[in-house]
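> Predicted model and sequence follow; I will ask about them next.
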Amino acid sequence: MAKIESARSSAQRAVCRFLVLLMMTVWGQPSQAQPPAQDHAANAYYARRNTLGVFTAYSNDSSHIFLGLSENRKLLDLGVSYSRRLWLNRVASWQYDAEVLPVTLESDPLSLYVDNQTSPSAETFVTANGPVVSCSPETQSYSFVGEGGVTYSGTETISCRGRRWTVGEAMSPIGLQWNFLPARKVQVFADGHAGYMYSTQAIPIAMAGSFNFTFDAGAGIEIYRMKSRSVRVGFRYHHLSNDGTAFYNPGVDNGLFQVTYCFGR
């Protein structure tokens with residue numbers, strides 16, 4: 001636990017220093033940093049210099065896409081984003097993009113243990129336990145001799161029933177986005193981010209940690225209503241794992257659908 005808290009504190013301090021330096025760099029620049037001719041050329045494109053966004057993202061399931069092993073996990077995010085244009089021409093607009101998620105919800109399936117005893121008497125014992133990595137039902141037979149020479153036999157089955165939602169917060173201070181053909185109102189984009197997630201309890205199972213690293217990569221379409229307003233609709237591969245900072249690291253891979261309302265200048 002001390003190792004996890006130390007990793008979390010170090011990551012948060014590094015993120016805070018990075019964001020302070022970024023904002024000093026961005027907002028500390030003179031308003032006439034670009035020559036008037038370049039400003040006029042940039043005005044021909046749908047490509048804001050600074051963009052704020054409000055977004056929601058959701059995934060209804062998880063599976064072993066690339067790295068994660070945990071199945072049947074749901075993910076719901078609410079957050080804000082900041083983008084800063086770094087480079088622009090008629091082919092592409094390259095942007096720095098950071099995201100802060102004050103609310104992120106992760107859902108794990110709960111396990112169900114059923115013991116169908118056949119000897120010395122026919123009985124059924126049902127026990128609800130915490131999250132498991134996979135919900136594929138597993139059944140196995142058992143037989144052993146207990147105290148007094150009594151033989152116990154039957155079958156035991158582990159499956160899933162019910163869910164547990166866990167609240168957390170997350171931040172992705174490292175991110176880039178590329179919008180293609182910025183002269184058009186409808187633009188295809190690709191993006192990627194890296195950061196962390198901290199939850200109120202260990203996810204995706206009890207032996208994993210409450211501090212996890214995250215990264216994502218995806219693509220989508222950005223639709224401009226006007227040069228200062230747009231909507232982004234995208235789909236991402238999203239991964240979270242504790243990178244070995246906890247006892248067990250099954251990881252979670254989600255396909256995440258995200259909608260962002262953007263505004264700026």
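Right, received. Where do you want to start?

> any idea how this protein splits into domains?
Annotated domains of the chain cover 2-21+35-108+163-264, 110-161 [automatic domain parsing].

> Buried residues of stretch 188-195, list them for me.
Of all the residues in stretch 188-195, those buried under the rule 16 or more other Cβ atoms under 10 Å are F189, D191, G192, H193, G195. No exception for glycine: its C-beta is placed from N, CA and C like everyone else's.

> The fourth one: what's it in contact with?
In other words, H193. By Cβ atoms under 8 Å, 6 or more residues apart in numbering, H193 lies in contact with D97, A98, E99, S172, I174, G175, T214, F215, D216.

> Partner strands of the helix or strand where it lies and their direction?
Counting by DSSP states H and E, the element that carries H193 is strand 186-199. Neighbouring strands of strand 186-199 in its sheet, by DSSP bridges, are strand 151-180 (antiparallel), strand 211-226 (antiparallel).

> So the most centrally placed residue in the chain versus S210, what's the distance?
Taking Cα atoms, centre = their mean, the centroid of the chain lies closest to H238, which sits 5.2 Å from it. Look at H238 and S210: by Cβ to Cβ, to the nearest Å, they are 18 Å apart.

> How far does stretch 253-265 sit from its chain's centre?
In this view, stretch 253-265 has its centroid 12 Å away from the chain centroid, taken as Cα atoms, centre = their mean, to the nearest Å.

> ah, wrong one, I meant stretch 126-137
Chain-centre distance of stretch 126-137: 23 Å, with Cα atoms, centre = their mean.

> re earlier: neighbour-wise, give me the winner out of the contacts of H193.
E99 (25 neighbours; other Cβ atoms under 10 Å).

> List the buried residues for the helix or strand hosting that residue?
Here E99 sits within strand 92-119, counting by DSSP H and E. For strand 92-119, a neighbour-count test (16+ other Cβ under 10 Å) marks 92-93, 95-101, 104, 106-109, 111-112, 114, 117 as buried.
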